[in-house]
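# sequence isn't available, so here's the structure alone:
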């Protein structure tokens, strides 16, 4: 018998494959951030992982169905840690759009992992729509490619914070470079750090005779050479360029605000997820 080729074979989280869990990560009585909230949380939670190890039902087998699906990427906020499956933004979006949404997410995922998976998908399937909820800029991963995706997770990157923002926006650039005719919506977990307050940073480094914060690239490019030199000395010149790239060249939503808490008291729950989906839905209508 000839073995059937598997689409996207490296989209696999082995430790979760076909598993059923009742707690996961910090969504546990031992690790949650608020024991009283955890104990009083009113909804039943199960973590059902499909044959690839994602908290999702099995994928469609037809390549055309995969192309038509909305592919959703992210970290634990996209997994929906601390919430029932029907409270997660991916499932709420699927119900609202009446369209299959495929959940590719891993708790503790870095933006390097997310970008790598999105680019692989674009090269292999190139679906019509991808939604990314980018993770914290401080997340990193081991360069050891012989390890599994789960084993490569690193919680903290000690690089200069401004440089971390630039590095993460460069990942967005890489994804956009590969998108062809695919539409991509970029979004961010609460307090991701990617969307820094550039006006405040400008005020911090601003000289006496400097203009107000240049809110467009055109204004930024008209700055006096002496100001540009100082911005480079303060190591914020590339940070501002990254800001203009993000605001001028990609389809994105600002960081979402937590309106409620999941059982673990770190992640958001159904109210925030629904608000997020409402914003996404408006963008999806515009894209179509």
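Now that the structure is in, tell me what you want to look at. Nothing here was measured: the structure is a model prediction, and the numbers come from that model.
# show me where the stretch 151-288 of the chain has strands.
Read by DSSP state E, counting those that start in this stretch, the stretch 151-288 of the chain holds these strands, from start to end of the chain: 153-154, 183-188, 251-252.
# of those strands, which is nearest residue 56?
Ranking the strands of the stretch 151-288 of the chain by distance to residue 56, with CB to CB as the measure, places strand 183-188 first at 18.6 Å. From N, CA and C alone the C-beta is placed, and that goes for glycine too.
# and the closest one, how far out from the chain middle?
Centroid separation for strand 183-188 versus its chain: 8 Å, with CA atoms, centre = their mean, to the nearest Å.
# I'd like the average pLDDT over it.
Mean pLDDT, taken over the full extent of strand 183-188, equals 97.
# and that strand, what other elements does it pack with?
Under the contact criterion of 3 or more CB pairs under 8 Å, 6 or more residues apart in numbering; DSSP states H and E, strand 183-188 touches strand 129-134, helix 161-177, strand 251-252, helix 270-287.
# how about 6 Å then?
strand 129-134 (3 or more CB pairs under 6 Å, 6 or more residues apart in numbering; DSSP states H and E).
# partners of the helix or strand that comes right after the strand it packs on, with directions?
Downstream of strand 129-134, the next assigned helix or strand under DSSP states H and E is strand 140-141. Strand pairing for strand 140-141, determined by DSSP bridges: strand 153-154 (antiparallel).
# low-confidence ranges, the stretch 101-250 of the chain, go.
By pLDDT under 70, the stretch 101-250 of the chain has no low-scoring segment.
# can you pull out the helices in it?
In order along the chain, the stretch 101-250 of the chain carries the following helices (DSSP state H, counting those that start in this stretch): 111-124, 161-177, 198-205, 217-221, 225-233, 237-249.
# out of those helices, which is closest to residue 84?
Across these (criterion: CB to CB), the nearest stretch is helix 111-124, sitting at 23.7 Å.
# pull out the buried positions in that closest one.
Using 16 or more other CB atoms under 10 Å as the test for burial, helix 111-124 gives 111, 112, 113, 114, 115, 116, 117, 118, 119, 121, 122.
# which helices and strands does that helix pack with?
Going by 3+ CB pairs under 6 Å, 6+ apart, helix 111-124 lies up against helix 161-177.
# what does the helix it packs on rub up against?
Identification of contacts with helix 161-177 by CB atoms under 6 Å, 6 or more residues apart in numbering yields 111, 115, 118, 137, 194, 196, 235, 238, 239, 242, 246.
# hmm, try it at 8 Å
For helix 161-177, the surrounding residues in contact (CB atoms under 8 Å, 6 or more residues apart in numbering) are 111-112, 114-115, 118-119, 122, 132, 134, 137-138, 157, 159, 184, 186, 193-194, 196, 235-236, 238-239, 242-243, 245-246, 249-250.
# cool, and stretch 111-118?
For stretch 111-118, contacts defined as CB under 8 Å, 6+ apart pick out 11, 73-75, 104, 106, 130, 132, 134-135, 137, 139-141, 149, 152-153, 168, 171-172, 174-175, 178, 184.
# same question for stretch 213-232.
With contact meaning CB under 8 Å, 6+ apart, stretch 213-232 is reached by 198-199, 202-203, 205, 207, 210-211, 237, 240-241, 244, 248.
# separation between residue 50 and residue 85?
Residue 50 sits at a distance of 12 Å from residue 85 (criterion: CB to CB, to the nearest Å).
# rewinding a little: mark which of the contacts of helix 161-177 are buried, thanks.
Listed as buried from the contacts of helix 161-177 are 111-112, 114-115, 118-119, 122, 132, 134, 137-138, 157, 184, 186, 193-194, 196, 236, 238-239, 242-243, 245-246, 250; burial here means 16+ other CB under 10 Å.
# appreciated, that's everything.
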